[in-house]
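Q: Any chance you could fold what I've pasted below:
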Amino acid sequence: MTRTTTTAALNKSIKERVFHALAFEGLAVLLTAPVLSLVLGKSLAHMGALTLMFSTVAMLWNMLFNSLFDRAQGRLGFQRSLLVRIVHALLFELGLILVLVPLAAWWLSIGLLEAFVLDIGLLLFFLPYTLVFNWTYDTLRARLLEVPAEQAGECSSR
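A: Got it, this is the predicted structure:
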């Protein structure tokens, strides 16, 4: 990725960020609900509702947590080193676990340990899913942004 492409990737509008989040979560729900329904022997509607709840909680937690983290960085003045990014990821996941595990236990009428194992399973899905989704999104976005730039270059060279 070139410096220009990297800069363009960082300059996303609010509208695009909302689209990205909804596309990410929507595809995740479409992929996970049927698998969870099959694995857990619950109806697709029941698991679809759970995955929608998980998705909503994850998006809201993401906005809240990152806002608080950005505020902490502003006050404390630390840089986002590898260690800070690891701590950021761990704290984010810990916060999500604290909400999602009891929610899953309640919704599925299972114990907290079983819900925790389910959450670990989802985490193991979401690690590669996040990588593949964002890589694909960024690649497609870069290609779409190149086309207008190339066409503009052709027009100005005539």
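Q: hey, which helix or strand in the protein has the poorest pLDDT?
A: helix 3-10 (a mean of 50; mean pLDDT, DSSP states H and E).
Q: Check which element follows it along the chain.
A: Sequence order places helix 14-40 as the next helix or strand after helix 3-10, per DSSP states H and E.
Q: what's that next one packed up against?
A: helix 44-76, helix 112-156 (3 or more C-beta pairs under 8 Å, 6 or more residues apart in numbering; DSSP states H and E). (Each C-beta comes from the backbone N, C-alpha and C, glycine too.)
Q: Please indicate which of these has the most neighbours on average?
A: Among the helices and strands packed on helix 14-40, helix 44-76 has the highest mean neighbour count (mean count of other C-beta atoms under 10 Å), at a mean of 14.
Q: which element follows that one toward the C-terminus?
A: Scanning onward from helix 44-76 (DSSP H and E), the first element met is helix 82-108.
Q: how far away is residue 142 from residue 136?
A: Noted for residue 142: a distance of 11 Å to residue 136, by C-beta to C-beta, to the nearest Å.
Q: err, residue 88, not the other one
A: 24 Å.
Q: which stretches of this structure have low pLDDT?
A: Under the criterion pLDDT under 70, the flagged ranges of the chain are 1-10, 147-158.
Q: thinking again about what came up before, so which of the helices and strands packed on helix 14-40 gets nearest residue 93?
A: helix 112-156 (6.9 Å; C-beta to C-beta).
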